[in-house]
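Q: Show me how the following folds:
(chains A and B)
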Amino acid sequence: MDHSSENLRRTPLYALHLELGGKMVPFAGYELPVQYPAGILKEHLHTRAQAGLFDVSHMGQAMLSGSDPAAALERLTPADVKGLKEGQQRYALLLNQQGGIKDDFMVSRLSGEATVHLVVNGATKEGDFAYIEERLTGVANLTPHPDRALLALQGPAAGAVLARHAPDSERLVFMDTARMKVAGAPAIVSRSGYTGEDGFEISIEAADAEHVARALLGEPEVLPIGLGARDSLRLEAGLCLYGHDLNEDIDPVTAALTWSIGKRRRETRDFPAAARILDLLANGPREKRVGIRPEGRAPAREGADIADKSGRIIGRVTSGGFGPSANAPVAMGYVETAFAREGTEIDLMVRGKALPARVASMPFVPHRYKRS
Amino acid sequence: MSDTRYTDQHEWVRIDGDTATVGITKFATGQLGDVVYVELPEIGRKVGQGGEIAVVESVKAASEVYAPIGGEVSETNPALHDDPSKINADPEGEGWFFKLRLTNKAEADKLMTEAQYAEFTKSL
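A: Next up, the predicted model:
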């Protein structure tokens, strides 16, 4: 045991993970299961075939209150938060004052409630919350909810499974959110996730977490899924992992996340570094995030250099591995904009060898969200 | 009679006359998880004992494989390219990696026996 593990936190489901045979690893300051006995490959494929339950309680949940919390939050994100209707959720970027991505997060508004609900990344939550509090002093109040757990139920059977324990969940479509009871426990449920599949994220009190998890795991379609499959599922879905595909030196345009900049916000130009970001949007960034498909079977991992066909380094892989559903290696990374067009031939430098690859559209596996 | 020996890097080597068959142990596959790709050496490549000779990629990460014993690569397992899951299914049988023509059989004496290896993995 190394010394850092002594300070690791545990989620309310820690004992359940051990009982299920979870192989615990340090992640985002927590001890979390990288896999269960089924293994990453089976867990991944099972999620796409039926349903998987993920413990994402390490993520940071908070409520933002005040006279107009949506307007306040817009000081720190280019997303259209004010335009968010009650009962809706949206993906947003938290920007530092230079326009770099401090985090990516989900923001939602619940029906009949004046507050907005935030879910930020586990590894960045303390910094995010401190930044939000500091920047919004006197404008809005942030209340973190470390006492809440978060479960994700993902996969084509997720809708049928959750309906047995929360009949109200049936009326939600992709990016809807509502309060309801799940297996008798008061919950905030959103129809969203990090796999590209239909599914839900379920926020509950820590004290109810094990009861709700056991109820869902008791359904024949549901297997527990660890961090390993969570990563391969999100990569196939083309979704970014903060700290790998996104960081404070990368702006929303370079990250190819311009769709998260609200239309109205492009007119009002009132988010951090708006002038710089809108200039990049108009004139093009130097580098761009792209999908990559290696041509052989060998995966290229995070950190691999990307070269053009003359051998000049033009970028780097930020996430890469084997996509079990794509049945092929998949990756994402940043390349100079001239090489960002789909189909462009590139080389990935793996163990000193040039691995031929092509820039590819994402997602690698089609999204199957429930849109209506 | 063939003799199987083990390294502290979790390779096994089965020596049969002048030929050694090499793979990774069941313990190694348990640590690696599902193998999705293996990079095998070219036929004819010469390697010293402990030299890097192959790479195994699981869903989690890439790991080096070291030659348990010195020699020249005489054969690689053709089945692994299309179905690397054989390494998980039968690591010490059908999941073998490559064969070496031995240069110095005595190098095997530095390796662990099955009983020593079992003892070694218990201590990890």
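Q: Can you give me the buried ones in the strand or helix carrying B:A28?
A: Element membership of B:A28, judged by DSSP states H and E, is helix B:26-32. For helix B:26-32, the neighbour count (16 or more other C-beta atoms under 10 Å in any protein chain shown) marks B:26-29, B:31-32 as buried. (Glycine included, C-beta is placed from N, CA and C.)
Q: Mind putting these into CSV with pLDDT and distance to A:N96?
A: Below are the buried residues of helix B:26-32 laid out as CSV (pLDDT from 0 to 100; distance: C-beta to C-beta, whole Å):
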residue, pLDDT, distance to A:N96
B:K26, 96, 48
B:F27, 96, 46
B:A28, 96, 43
B:T29, 95, 44
B:Q31, 91, 39
B:L32, 92, 38
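Q: Which strand residues bridge A:V116?
A: Counting by DSSP bridges, A:V116 is bridged to A:L64, A:R109.
Q: Just the pLDDT for it.
A: On pLDDT, A:V116 comes in at 97.
Q: before we move on, the earlier item: how about the helix holding B:A28 as CSV, C-alpha atoms only?
A: Taking Å, rounded to 0.1, in the frame of the first residue of the first chain, the C-alpha atoms of helix B:26-32 are listed here in CSV:
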residue,chain,number,x,y,z
LYS,B,26,-2.3,-17.1,-15.6
PHE,B,27,-1.4,-14.7,-12.8
ALA,B,28,-0.3,-12.1,-15.4
THR,B,29,-3.5,-12.4,-17.4
GLY,B,30,-5.5,-11.9,-14.1
GLN,B,31,-3.6,-8.7,-13.5
LEU,B,32,-3.9,-7.5,-17.1
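Q: Could you tell me which strands sit next to the helix or strand following that helix in the sheet, and their orientation?
A: Counting by DSSP H and E, the next helix or strand C-terminal to helix B:26-32 is strand B:35-39. Partners of strand B:35-39 in the sheet, by DSSP bridges, are strand B:52-58 (antiparallel).
Q: Now the partner strand: buried residues?
A: Applying a neighbour-count criterion of 16+ other C-beta under 10 Å, one finds B:53-58 buried in strand B:52-58.
Q: Repeat that for stretch A:171-183.
A: Of the residues in stretch A:171-183, A:172, A:174-178, A:180-183 count as buried by neighbour count, 16+ other C-beta under 10 Å.
Q: repeat for stretch A:293-308
A: By 16+ other C-beta under 10 Å, the buried positions in stretch A:293-308 come out as A:293-294, A:297-302, A:304-308.
Q: try stretch B:18-26
A: So stretch B:18-26, judged by 16+ other C-beta under 10 Å, has buried residues B:20-26.
Q: With stretch A:327-339 instead?
A: The neighbour-count check on stretch A:327-339 (16+ other C-beta under 10 Å) flags A:328-336, A:339 as buried.
Q: Could you list which of those belong to strands?
A: Using DSSP state E, the subset of the buried residues of stretch A:327-339 located in strands is A:328-336.
Q: Chain A contacts on chain B?
A: Residues of chain B lying near chain A by C-beta under 8 Å from any C-beta of the partner chain: B:33-34, B:36-37, B:39, B:55, B:57, B:59-62, B:81.
Q: What subset of those residues is buried?
A: Buried among the residues of chain B next to chain A by 16+ other C-beta under 10 Å: B:33-34, B:36-37, B:39, B:55, B:57, B:59-60, B:62.
Q: need the buried residues of stretch A:293-308 in JSON lines with distance to B:E11 and pLDDT, can you?
A: What follows is the buried residues of stretch A:293-308, written out as JSON lines (distance: C-beta to C-beta, whole Å; pLDDT from 0 to 100):
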{"residue": "A:R293", "distance to B:E11": "32", "pLDDT": "98"}
{"residue": "A:P294", "distance to B:E11": "26", "pLDDT": "98"}
{"residue": "A:R297", "distance to B:E11": "22", "pLDDT": "92"}
{"residue": "A:A298", "distance to B:E11": "20", "pLDDT": "94"}
{"residue": "A:P299", "distance to B:E11": "22", "pLDDT": "96"}
{"residue": "A:A300", "distance to B:E11": "25", "pLDDT": "96"}
{"residue": "A:R301", "distance to B:E11": "22", "pLDDT": "96"}
{"residue": "A:E302", "distance to B:E11": "26", "pLDDT": "97"}
{"residue": "A:A304", "distance to B:E11": "25", "pLDDT": "98"}
{"residue": "A:D305", "distance to B:E11": "29", "pLDDT": "98"}
{"residue": "A:I306", "distance to B:E11": "32", "pLDDT": "98"}
{"residue": "A:A307", "distance to B:E11": "32", "pLDDT": "98"}
{"residue": "A:D308", "distance to B:E11": "37", "pLDDT": "98"}
